[in-house]
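1. The following comprises the amino acid sequence and a computationally predicted model.
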Amino acid sequence: MADFNRRFAKLERELRSLYLGLYHDQQAYAYFCSMLKKQYAQRKESLRQLDARREENPGWYKDQKMLGMQIYTQCFGGNLKGVEKHLDYIQETGANYLHLMPLLESPKEKSDGGYAVSDFRKVQPELGTKEDLADLAEECHKRDMVVCIDFVMNHTSDEHIWAKRAKAGEEAFQQRYFFYDNWDIPNLYEQTVPQVFPTTAPGSFSWCPEVGKVVMTSFYPFQWDLNYANPTVLNDMTENMLFLCNQGIDVIRLDAVPYIWKELWTTCRNLPQVHTLVRIMNLAAAIVCPGTLLLGEVVMEPSKVVPYFGTPESPECHMLYNVTTMCTTWHTVATQDTRLLRHQMDTVFALPRQYTFLNYLRCHDDIGWGLDYEYLRQFGVEEVAHKRFLSDYFQGKCFGSEARGELYNDDPRLGDARHCGTTASLCGMETGSEQSLNLDIMLHAFLFTQSGLPILYSGDELGQLNDYSYHCDPIKREDSRFLHRGNFDWAAAEKRSTNPLYQALLKLEAIRKGEKAFHADADVWTLEPKNTHILAIGRYYQGDKLLALFNFGRGNETAWLEEGEVYEDLLTGEKLDAKAVAMKPYEFRWLILRYPQEKE
Ligand code: GLC
């Protein structure tokens, strides 16, 4: 208990003041603290040792050797045992951070891809047991890999035991959700709360016939929003989170975290109480299992995302998704104009270096066009028309587009559109063109150039295409996100030794892991290539300077840089100056200059 007591003594003051400031409930707070103690007592010795090692090296996850992969247990290995059997493959791809998509119990026909959890302590039976999960985590740790899983904290399934008891009329359980006798208050909320799924699940409330009341359901009607104004909800959900940490989970992905506090007359997003709650959960993990990281899923513009890092004294999330860079990258593919992406890079590069972003090209969700339209307006780009263009582009409907994607939750009322598709299909690989392969490789090189943790979406390493079979599945067909949630293509994996994309990615990863310039603490900046098709990024660390150039144009271009020294191309070994670098369509270059280092 010594470690627990030490950490508790250090952090309790802040914990107490945040908790009591929010709830004014001493009894609930006492319960919370005893729950922390109980969860610590249940933590395995091997995990406590891991905690101790990570406490010694708190920046462990920032290492440039970290590479993530996001997989669906079922699509990849059938079940957890199957995933364990294929860990060699995952390691061979270079990944050492495994994000297992939702795998807790969730009703089949009302699951939202597993994001409607009916039991936070039970693995979906087809996928295995909690022991299988703990075994997999242990095996990953032996291999120096880390495991991330989703913690869906905003809502439960309407078949969760709390929801069932609420349906049975138990008031204490109804108080864990938002119930209203009639539509009066829900209708007031609807005036200010944006819709999450305007087409597939319009509105933020649903009628619950069992109770004869209206219940808040921001996402699907079967996902009931939890009411965190009730301290019991926070207590029990934090305990559920710690329980998962005790199964050996290293990274907790806080799903849909901006939504967890609701107030009438607001958007019910990013309210100050959300930050208090995340900080409390951070403190709980720091006391019980300090080796654990919190990854926040905040799919919002940068000004809303960054506060979720908290402050150096009171950190909230250890990592956050870099969603704006992701969607801006795809915008750049469509427009061939890098000005917004450069602006976005400048925004990210100006942030304190201790902020760690999780970078990605594709994930299990759609691409929403949360672009900086204020900035684009100076170039005459208008939001609705531009979204229409992107919509056409990513469905392959405009001249020059080889992209093959589908619309997702198109909202014609607002002229909003979102998109689905795998990286390869969005790059145009369904057409089989060489250009599309080059684009796919270049986008990965750009991903690896950024500071932070790059995550590959399983299958992307092989160029896996869209899976159109979901159209014939009655449960999935309304949700086009299943377009990019197909089964892993093991036949393609067998042939990986001759797969040009796979081989190219291995080469890029090896460079990223080995070259000093990719160190997490490197200086990073953008350069002016006097050509809007080209994005130019510089990285400098301890005498090594990297110039990374990306031609997003579909024609030959030149990067006009004033860099007269002799660089070496990290991929080809060619020596060249970087004054006027000729670039083919979708070509990228990683050019290195090594300054002689003074001997110490
Ligand atoms: C997150 C998930 C998404 C899910 C939603 C509701 O945004 O990424 O897939 O639909 O939360 O839980």
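-> Received the coordinates, thanks.
2. how about the residue of the stretch 101-250 of the chain found nearest the ligand, what does it touch?
-> Of the residues in the stretch 101-250 of the chain, the one nearest the ligand is residue 115, at a distance of 3.3 Å by CB to the nearest ligand atom. Bear in mind the C-beta positions are built from the backbone N, C-alpha and C, glycine included. Shown here is residue 115, whose contacts under the criterion CB atoms under 8 Å, 6 or more residues apart in numbering are 102, 106, 150, 152, 219, 223, 255.
3. Kindly list the main-chain dihedrals of it?
-> phi -90, psi 20 (degrees, to the nearest 10).
4. I'd like to know how far it sits from residue 413.
-> 25 Å (CB to CB, to the nearest Å).
5. try residue 240
-> 37 Å.
6. quick one: which of the two has more around it?
-> residue 240 (17 against 8; other CB atoms under 10 Å).
7. which parts of this structure sit against the ligand?
-> Proximity of the chain to the ligand (CB under 6 Å from any ligand atom) is limited to residues 112, 113, 115, 152, 219, 255, 256, 297, 364, 365.
8. Is the residue of the stretch 301-450 of the chain found nearest the ligand in a helix, a strand, or coil?
-> Across the stretch 301-450 of the chain, no residue is closer to the ligand than residue 365, which sits at 4.8 Å (CB to the nearest ligand atom). Three-state secondary structure (criterion: DSSP: H, G, I helix; E, B strand; the rest coil) places residue 365 in coil.
9. I figured it hits residue 480, correct?
-> No: under the criterion of CB atoms under 8 Å, residue 365 is not in contact with residue 480, lying 10.9 Å apart.
10. Those two - which one has more neighbours?
-> Set side by side, residue 365 and residue 480 show more neighbours around residue 480, with 24 against 17, by other CB under 10 Å.
11. Number of residues surrounding the closest residue to residue 560 other than its chain neighbours?
-> If the residues on either side of it in the chain are set aside, residue 560 comes closest to residue 530, at 4.0 Å by CB to CB, 6 or more residues apart in numbering. Residues near residue 530, counting by other CB under 10 Å, number 13.
12. Residue numbering should commence at 38 henceforth.
-> Okay, residue one is now 38; in that scheme the one you just asked about reads as residue 567.
13. re the thing from before, may I have the predicted confidence score for the residue of the stretch 138-287 of the chain closest to the ligand?
-> According to the per-residue confidence, residue 152 scores 97 in pLDDT.
14. distance of it from residue 192?
-> In this view, residue 152 and residue 192 are 8 Å apart by CB to CB.
15. any common contacting residues for those two?
-> Contact with both residue 152 and residue 192 is made by residues 256, 260, according to CB under 8 Å, 6+ apart.
16. The residue nearest to residue 597 contacts residue 599, correct?
-> No: counting by CB under 8 Å, residue 599 is not a contact partner of residue 567; they are 9.5 Å apart.
17. After the helix or strand that contains residue 310, which helix or strand is next? Please name it.
-> In this structure, residue 310 is located in helix 309-325 according to DSSP states H and E. Of the helices and strands lying after helix 309-325 in sequence (DSSP H and E), the nearest is strand 330-333.
18. From the contact counts, what lies against that next one?
-> Using 3 or more CB pairs under 8 Å, 6 or more residues apart in numbering; DSSP states H and E as the contact criterion, the secondary-structure elements in contact with strand 330-333 are strand 288-291, helix 309-325, strand 356-358.
19. Can you spell out which helices and strands pack onto the longest one?
-> Using 3+ CB pairs under 8 Å, 6+ apart, the elements in contact with helix 309-325 are helix 39-60, helix 63-78, helix 268-282, strand 288-291, strand 330-333.
20. Go again with 6 Å.
-> The elements that helix 309-325 packs onto, with contact taken as 3 or more CB pairs under 6 Å, 6 or more residues apart in numbering; DSSP states H and E, are helix 39-60, helix 63-78, helix 268-282.
21. among the ones you listed, which is the most enclosed?
-> Here the criterion is mean neighbour count by mean count of other CB atoms under 10 Å, and of the helices and strands packed on helix 309-325 the winner is helix 268-282, at a mean of 20.
22. how distant is it from the center of its chain?
-> Helix 268-282 has its average C-alpha position 22 Å from the chain's average C-alpha position, going by CA atoms, centre = their mean, to the nearest Å.
23. Show me what that helix packs onto, helices and strands only.
-> Applying 3+ CB pairs under 6 Å, 6+ apart, we find helix 268-282 packed against helix 63-78, helix 309-325.
24. With distance to residue 454 and mean pLDDT added, can I get those in CSV?
-> Formatted as CSV, the helices and strands packed on helix 268-282 follow (distance: least, CB to CB, whole Å; pLDDT from 0 to 100):
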stretch, distance to residue 454, mean pLDDT
helix 63-78, 43, 98
helix 309-325, 28, 98
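25. about what we covered before: give me the buried stretch members for the helix holding residue 310, please.
-> Within helix 309-325, the residues that qualify as buried are 310-325, counting by 16 or more other CB atoms under 10 Å.
26. from these, which is closest to residue 127?
-> Distance to residue 127 across these (CB to CB) is lowest for residue 322, with 25.3 Å.
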